[in-house]
Structure formats: structure tokens, C-alpha cells
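Trainee: predicted model follows, preceded by the sequence.
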Amino acid sequence: MEISVIVFPGSNCDRDIAVSLKKFSKKNPKMVWHKESSLPKSDLIVLPGGFSYGDYLRCGSMAANSPIMSEIIKNAESGAYIIGICNGFQILTETNLLPGTLIRNKELSFICKNLSLKVENSESNFTHKYSDKEIIQIPVAHNEGNYFADQKIIDNIEDKNLIAFRYCNQNGEVNDKTNPNGSKNNIAGIINEKGNILGMMPHPERATDKTAGLTDGEKFFISILESIQ
Amino acid sequence: MIKITKELIDEHGINKDEYNFILQSLNREPTITELGIFSAMWSEHCSYKSSKTWLKKLPTSNDKVIQGPGENAGVIDLGNGDAAVFKMESHNHPSFIEPYQGAATGVGGIMRDVFTMGARPVALLNSIRFGDVKNSRTKHLLTGVVSGIGGYGNCMGVPTVGGEVEFNSCYNDNILVNAMCVGIAKINKIFYSKASGIGNSVVYVGSKTGRDGIHGATMASAEFDESSDEKRPTVQVGDPFAEKLLLEACLELMKEDIIIAIQDMGAAGLTSSAVEMASKGNVGIDLNLDNLPCRESFMTAYEMMLSESQERMLMIIEPEKEKEAKSVFDKWGLDFATIGVLTDTNRIIINHENEKKADIPLNILESGAPSYNRPYKIITNSEVDQSYLQNSDEEIINILKKLISSPNLCSRRWVWEQYDHMVMNDTVLRPGGDSAIIRIHETNKALAVCSDSTPRYCAADPIEGGKQVVAESWRNITSVGAKPIAITDCMNFGNPEKEEIMGQFAGVINGMIEACELLDYPVVSGNVSLYNETNGKGINPTPVIGGVGLLDNLDHFSTPSIKRENDNIIILGETKGHLCQSIYAYEIFGDIRGLPPKVDLLMEKKIGDTVRNLIKKIKIDTVHDISDGGLLIALTEMSIAGNIGFDLNISQNKLDNGYLFGEDQGRYIILVEDKNLSKTIEYIKKNKISHSIIGKSCGKKIKINKNSEVCIEEIRHLYENWFENYLKVN
């Protein structure tokens, strides 16, 4: 099993995700610098959180044009698994590997806290270890996590069950009050139609270690690693 | 050539005696560039001319201290080859003028001080102080500062894990923004700023130099007046992305044996880094500014030397290693330029466009820098009979509601939710406790960190206040079970030319010395910010203490949140019911008279050591120190955090407002399971510590002696929502 973590200038969750991946795969992922024009053979490619290029332009838009991205798009087409977390999700929408976009939080401020998520699709390659509609605790940390797309796209991802996670409260209620950032339909994470690409704003790598508080992210990593095998 | 006039000398903040000294030492008139260099180096901010004689008296070593004051940051030994590198610094004046950028660059600056020593920053803390909540500028300053701190720290990927927020009208026109950074390094890989090796290259790395921040250090050394808004162009603009690249590039290069010395360009920019590095190494330095990476055209030598553009470093490396070093900075897309050479002249010589712009013997700048023994007078409040404070008509629960929803006691959640406090995945105890706990990556050890001050006590009695701020920090580290090791201090005061202000400084330092010595809690780094005055009115003396402790085993630590029902609530330390200078006295009676509670340092140490041992030996997991607001506030905070109530049973002759809301020092609350009660009490008795069992944890209500009760939910609502309600658009 080969895993690559892409490091952009300004990535800052690259180490965290590498620690979680190693914990469950027992192997160090390859850290790939964004200027590389070739990618080592990878079953799974992870775009980590952070502020690539400072997010001074639209979040993720500069990184979407990094040399490595054309390789990633090629790998995506040939079926490699791809995960984008936080800034990584923003990069995936900027490259059109996933539909929609992430805009500024509705309250216009950065949010860092534990949130409840409802696992909407527990059959995907990334979530099959969760039970259906399981409520899990995963932290968020973002300023631009407000998922937006036109109604046609939203209808499509709803109809095809492409929503991986939705923001909710501890009782699983999904509504405006339990929507932290204004995302359409409380969307926290989505999957592409082919089922090999996932983008999410919450940070599962921050929920894999009891000492640091949360462990609900473990099933996420176990799911994808099992899917690869 | 610019003529040096009296006006020009005045504008540079250089007084007549200082100017005469320059004339005599150079044996000629200075050039404008030289005048600028003297002005920056001799500013209060860089030279510590009013505070130096006092700072020298602070204890600065113990068996864990590797580097005390005098370097970019202090360094302590954590065992197993690990070291913690930390410092706190103020960015008060810029933050008042431009809150977002002022606060952001304060955070950026303190991180550079830490990673320039080879440490990876692992935690940020911020003590921020604003004017009265009713003051028209407070909301604007609060929101700007908080988003500036978040904007910089979040982008860097360093968690902001603690700090304080205070509102007081004394900060109406002079807010305080004090930022602390803690980093982790390997002991054998610590980098210092002492230049060495004649002929070695002076290398500039990082962002380009612009015209921002020129004379920032001089601005930070003057009082404000109505025209302060005109100073906006001297505020630097931060670029956290550039700093993230600089951090990674520096740490990458530091893996090799290439850097001989390194220092960040902070206050007074290239001037102070070049002068300080060469002076420490007892060498000379020749700079050729033609090679300096500039952002703007036609910059003069004066502007280049005094610019405070951010995200820049100065390094000394051997000429033959330049190529290898440059390749690292090229990878990260940062400028790398050789701008000078070390010489044996002990002078700083600056050339630009084939002209010598400055030539100053370094000993004049550094050791010739003025040092003042300013006259001082320590003024202490007179004692007041506090008995009338006992007799409030208000019900206990109503007082509790008022205090818990007051600006200085309510939850700071609104603030720290805007900071990424979890990135790096080693935050074991998040903001909101007594200290934050940060695991040392890939070990089972952790750092406990906190930052604290109690300015109202320092204003009322500088000496007792000075003791208290150190003791409070030590107590907060102790509360989580960690061993306090050392502190950094950020001394925010008014105009030292006034003898009562200098008296506050002297008194606080004297108190701190006593506490640091007795608690074995030395000062390893720090910063002084004077002239925090506007139109002649000074702030409360505000010595902020950044504490660092070591938790050698993450299996044993404690937090304030109540964990179980039916635990015994024990209060350690003597409760006399001191109400003067308490939050209660201010919020309920508007009274700020009288003396603060006394600190008994011997007892403080005894109780703290006992608490730490109880956490370790009997695995006590619920501890909170009693500070602002007193016993009932401390217990209520524990209750809200754990969502479990309590039932107090206090003997009726003791139960009064002094008992519940008094702020006697050196006290802790611990919660103990029945099965551990007898051995806990036995241990406490053996150590001869005053204690009493005052009730049990239970249910979802806060109950006091059967006759007063309230639901946690109601209290939580008041506690949690103050900031949101305050900031709602009317």
C-alpha cells in the first residue's frame, strides 16, 4: 500500500495527517513537494489542511495550479483514492475534481471547535466502517468552510447519495442551528460519483488519539485503508 | 547631505546629553543614517534604559535553565535531550493604531524569536487587555486584535492554546497585546545570535525590505496623544505565509551544520540585529546595502536600516557554504542575499551606492547606551475596613449570576474558538483551564503553559502584586499536576519618568524577585513596554507572566472539570474572606479601594507541592486554583466544564460573602472519590495544610447550604454568551 501526502507551501496539517496515516497503515506516507512533476506510485493521495500560498487569492486556487496537480488529476482518472481535508477539499473543488466551492463562513470568523457530524453515506470507500447515520465528533478549523453549489449540483449529490457527512448536533438534528458555517444542506463532506475522491472540511486526523481527546476519526482511516487492500 | 538640526534630533527622541555623548564619541556630527541608528538602539524599547538596572536583579537561573535573558528567547531543559524555548513580547502601541496588523505582527515577531533559536513553535498564548466595555473603540479593537492573532497563528499552523482577556477603563486609550510563543528544540541543536569568524558572510533571508515600520521602536517608546492615528504608516504589515516558509526553510537549514549565528529582524530591524550580533561576538560588521532585497524603489540607507518589515532574518555563515544554504531558501521561494562581512574593526560600517553612510564603534551603541536610575516612589493604597462589603442585600445566587456574566469572569470561548488551538495534534488540555497542556511530540511528556497578570492588585500594592503574579502563574502550572520550571515576563507600565510609575515598576520587580526565588521559578526571557500612557494617564501596572512547566508523565494530570458525582469537595489553603480588590467588590459595589490579599510564599510552596503530589500519588484528577471571583466562581467554573453540579454544606458561622467571593491567595479546590478520601486527608494533614471538606459533587444544580440553588444550564447560558451578546450589532 503506497500513500502520498502532498505538501504545498503553507500546508500545515501535513505532519498531523502523516501521523494518523502511519498509525493505521504502520507505514510512513511519502511526503511529496508540490513542485514535483511526477508522483510516486500511490494507492491513496492526501491533500492536507493548511493555508496553501497563504490563501491570499481564493482558497486553494493557487495550489490547484501547482505542477503536481496534473499528475493527481491523471491518478484520479485512473482510479487512485484521493482525500482532501479542509484546504485540501478547497483545492479539490478548485481543480473540479469535486463539484461546488467553499466560501467564507456565514459569521465571517474562523471557527475551531469539536462538532457533531452525521455519517450520511456509510457504504463509501471512505466511511464503510461507520454505521448508518452514526453521529461522530470531529473538529473543524476553518474560515472558508461554507459549502456552496447551485441547486442542480446540490440535487444531484443528494439524489446520488454523495454526501459523506453533514453537520448536526449530538442528537443528530440537522438544521440551521446545527450548521456552523452556512453550508448548503449542512454539507461537511462529499464524494465524487465514481467514489474514489472525498473532500471534507472537518479534520478526522485530529480525532485519532485519545490523549488529545477524540477518537471518532479512527474508522475513517480504517475504512479507506481497507478499501485499498 | 541632510543637515542635523535640533528638530531632527528631537524627532529621533534623543535628548541633549545623549546627543553630546554621540558628538564626543564620534568626534564629528553624525550622518542622518547614524542618527537613525542611535535613535533606534537607544530607544527605551531596544535599550531598556529605564528598566535595565531593575531587571538585572531578577533571578534568572536554576538547574533547568540553559539560557536566561539576553538571547532571542530563554531555554530550559526538559530532559531526554529536549529543550523548551520561549518568550513573551508586547505589541501594544501598533495594535491600538491598527488592531489586526498590530496583533498579527506581534504573534509573527514572537514566533521568529523562538524559531531563530532552532525550535519548532508548538504553542502560542496571548494576554490581551482592552478599555471599558462601554468605550466606543473597545468592540473594534477587540474584534481586530482577536482576528489578527488568529489570522497569523492559524496560518502558521501553530496552536493558540491559552491566554487572558481583560477589560478595564485604564486601557481605554492604550490597549495591551502581549504574545507568547513556546517552541521545542533538541538541546544540542540550539542556535544563538553571537556572531563569530572574521571574514564570514552576513546573509539576509526572508521577505524583502519595504518602508513599513520605520521607527516602530521609537514609536513604542513614546506616549500617545490625539495625533497618534497619524502614526499608522509605522505599523508593520504581516505576511504569515512568508513566515511559514521562513520557518520551514530555517528549520531545514538548521539540520545541517551551516549556520554560525542567527537572529530575527524585529524591533529596529536590520540595525538591531546587525549591531547586537556583532557586539555579542566582539567583532565588527561591514554591510553593503546595494545587495539588500528591497520591495520599493529608491530606498535610502536610513530607510533600509530602520525598516521593520516582517519575516526577515540575519545569519552568519562561512562563505563556502553560501551555495548550499541558498538552495534551501530557493526551494521555499525566499530571498537570500549576502549583504556583508564580519571584520576585526569592532565597528559597524554601512556602505550604499559607493558612499559610506555610517561608521560607528559598536561599543558606543551597546555598552555606551544610556542607563538611567530613575527616581521612584512606591505608593500603596491605604487599608480600608472591608466589613461593609460583606453586607450586600443581594441573594448569593444573584451575585453569582452577576459575577459569572461580568466581562472579566465570563467564558472566553468566543475568543479561543477563533484560534486554531488543536493543529499539530498535541493539545491535550485546551484553552479554558488553568494551564494548557501540550504533549511533546511522540513522547508521553508534556508542557504546561499559561499567561497571567492581576494588574488591579499591582496598582493597589506593587510589591504584593509582583509576588502575586508569579505565585498565580506557579499555581496554574501546579493545578494541572506539572512542575513549574521558569517564566518569561512582559512588563507593561506607564511613563517611567514619573516617580510613581517608576515606583510601580520597582515595587513589582521587588515582589517578583521574592516570589521567583522562593518558588524556584526564574525569569529566562522577557520584554518591557513603557510609556503606556495617553494624554498623561497611565495604565495599571501590568506585569504579564508566561509560565512553563513540565509534566513528566501524561498518565497523571488534572483538569478543572468535575468528572463524577459524589466526589468530595475539598478546599486547600486558608480562607479569610479578603474582599478588597476583588472582582466582587468591583462588580457589586464599584469599589476599587483598599489592599489586595497577601501572598504567603512559604505556605504557597507547601500547598502547591502537596497538590502536585496528590495528583501524582493518589491520581487526583480534578483540581482548580481559586483566583478571580473566589471560591464560588471557581467551583461554578468546574461545574460548567464537567456539567455536574454540587451541593455545599458550609458551617453557618463561616458562610458569608467573604467566604464565597473573597480572593485569599494560595488556595485550590480538589475533588476526591470516597475511596481515596482518608489517604488524601491523611497526606494533607501530614503536610500541615489548612483544609476543609465543604460538600459533594452531584446532579445538575449548584446548591449552597440547602437554601440557595440554581441550575447549571441557567448559569452556563450567562457564562457562555457574554461575548456574543456584547458584539451583536445594536
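Mentor: Structure's in. What do you need? Fair warning: this is a prediction, and the values are worked out from it, not measured in the lab.
Trainee: where do the helices sit along chain A?
Mentor: In chain A, the helices defined using DSSP state H lie at A:14-25, A:67-77, A:87-94, A:151-159, A:218-228.
Trainee: average pLDDT for the first one?
Mentor: For helix A:14-25, the mean pLDDT works out to 97.
Trainee: over to stretch B:78-91?
Mentor: 97.
Trainee: ok, now stretch A:90-105?
Mentor: In the prediction, stretch A:90-105 has an average pLDDT of 97.
Trainee: same check on stretch A:215-224?
Mentor: 98.
Trainee: tell me which residues are up against it.
Mentor: Outside stretch A:215-224, the residues that touch it by Cβ atoms under 8 Å, 6 or more residues apart in numbering or on different chains are A:20-21, A:23-25, A:44, A:81, A:83, A:124-130, A:136-138, A:203-209. C-betas here are computed from N, CA, C, even on glycine.
Trainee: those residues: which ones sit near chain B?
Mentor: Checking those against chain B by Cβ under 8 Å from any Cβ of the partner chain, the ones in range are A:20, A:203, A:205-206, A:209.
Trainee: using CSV, lay out the residues you listed together with distance to B:Gly266 and neighbour count.
Mentor: Conversion of those to CSV gives the following (distance: Cβ to Cβ, whole Å; neighbours: other Cβ atoms under 10 Å in any protein chain shown):
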residue, distance to B:Gly266, neighbour count
A:Ser20, 36, 24
A:His203, 33, 28
A:Glu205, 34, 27
A:Arg206, 32, 28
A:Asp209, 35, 20
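Trainee: can you tell me which two in the residues you listed are farthest apart?
Mentor: Based on Cβ to Cβ, the longest span within those runs between A:His203 and A:Asp209 and measures 12.0 Å.
Trainee: now for these two: what residues contact both?
Mentor: Common contact partners of A:His203 and A:Asp209 (Cβ under 8 Å, 6+ apart): none.
Trainee: format the ones next to chain B among the contacts of stretch A:215-224 as a markdown table; extra columns: distance to A:Met62.
Mentor: A markdown table is the format used below for those (distance: Cβ to Cβ, whole Å):
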| residue | distance to A:Met62 |
| --- | --- |
| A:Ser20 | 26 |
| A:His203 | 21 |
| A:Glu205 | 23 |
| A:Arg206 | 25 |
| A:Asp209 | 31 |
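Trainee: closest to B:Gly162 among those?
Mentor: A:Arg206 (18.2 Å).
Trainee: okay, that closest one: pLDDT?
Mentor: On pLDDT, A:Arg206 comes in at 98.
Trainee: for B:Ser43, same thing?
Mentor: At B:Ser43, the model reports a pLDDT of 88.
Trainee: what stretches of the stretch 551-700 of chain B score poorly on pLDDT?
Mentor: Residues of the stretch 551-700 of chain B meeting the criterion pLDDT under 70: none.
Trainee: mind doing that once more with 90?
Mentor: B:652-653 (pLDDT under 90).
Trainee: now the strands for it?
Mentor: B:568-572, B:623-625, B:646-648, B:668-672, B:691-697 (DSSP state E, counting those that start in this stretch).
Trainee: out of these, nearest to chain A?
Mentor: Of all the strands of the stretch 551-700 of chain B, it is strand B:623-625 that lies closest to chain A, at 18.6 Å by Cβ to the nearest Cβ.
Trainee: can you spell out which helices and strands pack onto the closest one?
Mentor: helix B:462-479, helix B:630-642, strand B:668-672 (3 or more Cβ pairs under 8 Å, 6 or more residues apart in numbering or on different chains; DSSP states H and E).
Trainee: kindly reformat the strands of the stretch 551-700 of chain B as a markdown table containing distance to A:Arg104.
Mentor: What follows is those, written out as a markdown table (distance: least, Cβ to Cβ, whole Å):
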| stretch | distance to A:Arg104 |
| --- | --- |
| strand B:568-572 | 45 |
| strand B:623-625 | 38 |
| strand B:646-648 | 42 |
| strand B:668-672 | 42 |
| strand B:691-697 | 42 |
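Trainee: and these as TSV, adding mean neighbour count?
Mentor: Listed next are the strands of the stretch 551-700 of chain B as TSV, based on neighbours: other Cβ atoms under 10 Å in any protein chain shown:
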stretch	mean neighbour count
strand B:568-572	21
strand B:623-625	26
strand B:646-648	21
strand B:668-672	25
strand B:691-697	19
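Trainee: next, the contact list for B:Asn532, please.
Mentor: Residues near B:Asn532 by Cβ under 8 Å, 6+ apart: B:92, B:174, B:176, B:492-494, B:538-539, B:542.
Trainee: that older thread, closest one to B:Leu245 among the strands of the stretch 551-700 of chain B?
Mentor: strand B:623-625 (40.6 Å).
Trainee: quick one: name the residues of chain B near chain A.
Mentor: Residues of chain B lying near chain A (Cβ under 8 Å from any Cβ): B:147, B:150-151, B:154-157, B:239-242, B:244-245, B:331-333, B:416-428, B:430, B:439, B:554.
Trainee: any idea which of the helices and strands packed on strand B:623-625 is most buried?
Mentor: helix B:462-479 (a mean of 28; mean count of other Cβ atoms under 10 Å in any protein chain shown).
Trainee: and it, how far from the chain's centre?
Mentor: Centroid separation between helix B:462-479 and its chain, computed with Cα atoms, centre = their mean, to the nearest Å, is 14 Å.
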